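Student: sequence-free structure coming up:
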């Protein structure tokens, strides 16, 4: 099997796991949001600790230029600051998403609404003086129309949006901010260590908020052990490792396209496991959002010529 094919398979596994994780989050919505999110994030951080040592052992044979104490100290500082910064934003984004599921948003809808971060990121990038492709603006309008079809059209309630759907939409904006923060720190740090710290940070904040704002009941937490472990171990530890390994030899555009299938799998698993069903307009909304998400990731004519 070629490296490219192996990478694509690993990325597809990542998309499948992340899509199915919406079902686990929905199943865990019987718990209050901070309780569920804090515990599963903290577990996700713990799971990545052995992964760090595995990757360290695998990279022992690679020759690296020796670094001074000052350089190592600067790297550690960047790693800690970056991990905490990413963790704070991740905590906000994932908690908003969990609140959306808590307020009865289906797993499939949550997956597609969350995927709007792909067209939101370039807009937020304007504040960082990043260029935006003209086609992205059209995709933003298309994504907004798809969101309307998915959440508001045909409900007989006028121009309204449900509480859970609003939380997930805000979560898409928060995940866009998270991507920009990760994009800033990831080139300067070890990716898995950065992710481990961010998960532990998000978990600690979530658990702290759990004790302050909620009433955690041990029996209820134990009843949800499977969705908590699935999101903590499989979605965080396994999927993140697959993503890191997969993106190593994959083309960026292809990787983005494969990972965006997460939203499709969220609907499939929601239907297969939770028995969720979409109306014709909701299904059309999913298709419109998916097209809006895919188009910005396709290479431009100039990029295709450069690739040749």
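Tutor: Perfect, I can see it now. Note that the coordinates shown come from a computational prediction; the quantities given were computed from them, not determined experimentally.
Student: isn't residue 195 right next to residue 240, touching?
Tutor: Yes: between residue 195 and residue 240 a contact is recorded at 5.8 Å, counting by CB atoms under 8 Å. In short, each C-beta sits where N, CA and C put it, glycine included.
Student: Need the residues touching each of these two.
Tutor: residue 48 (CB atoms under 8 Å, 6 or more residues apart in numbering).
Student: Give me the more crowded residue out of the two.
Tutor: Neighbours of residue 195 and residue 240, each counted by other CB atoms under 10 Å, are more numerous for residue 195; the result is 28 against 22.
Student: Can you name the element that comes right after the one helix or strand that one maps to?
Tutor: Using DSSP states H and E, the element containing residue 195 is helix 191-213. Once the chain leaves helix 191-213, the next helix or strand it forms, by DSSP H and E, is helix 218-223.
Student: I'd like the average pLDDT over that next one.
Tutor: Averaged across helix 218-223, pLDDT comes to 94.
Student: how about residue 100, what does it touch?
Tutor: 110, 113, 164, 165, 166, 167, 168, 171.
Student: From residue 269, how far out is it?
Tutor: The gap separating residue 100 from residue 269 is 17 Å, by CB to CB, to the nearest Å.
Student: same deal with residue 35?
Tutor: Taken as CB to CB, the span from residue 35 to residue 269 is 23 Å.
Student: between these two, who's got more neighbours?
Tutor: residue 35 (25 against 22).
Student: Quick check: pLDDT value at that one.
Tutor: Checking the pLDDT column for residue 35, the value is 96.
Student: if I pick residue 25, what's in contact with it?
Tutor: 36, 97, 98, 101, 107, 110, 227, 231.
Student: do that again at 6 Å, thanks
Tutor: Applying CB atoms under 6 Å, 6 or more residues apart in numbering to residue 25 gives the contacts residue 101.
Student: so which strand or helix has it?
Tutor: Secondary structure (DSSP H and E) places residue 25 in helix 3-27.
Student: just checking, next helix/strand downstream of the top helix by length along the chain?
Tutor: If you go by DSSP state H, the chain has its longest helix at helix 69-102. Per DSSP H and E, helix 69-102 leads on to helix 107-114 as the next helix or strand towards the C-terminus.
Student: And that next one, what does it pack against?
Tutor: helix 3-27, helix 163-185, helix 262-273 (3 or more CB pairs under 6 Å, 6 or more residues apart in numbering; DSSP states H and E).
Student: starting at the chain centroid, how far to that helix?
Tutor: 11 Å (CA atoms, centre = their mean, to the nearest Å).
Student: On the C-terminal side of that helix, identify the next helix or strand.
Tutor: Assigned by DSSP H and E, the successor of helix 107-114 is helix 117-125.
Student: that older thread, and the angle from the helix holding residue 25 to helix 262-273?
Tutor: With axes from the mean of the first three to the mean of the last three CA atoms, to 10 degrees applied, the angle from helix 3-27 to helix 262-273 works out at 50 degrees.
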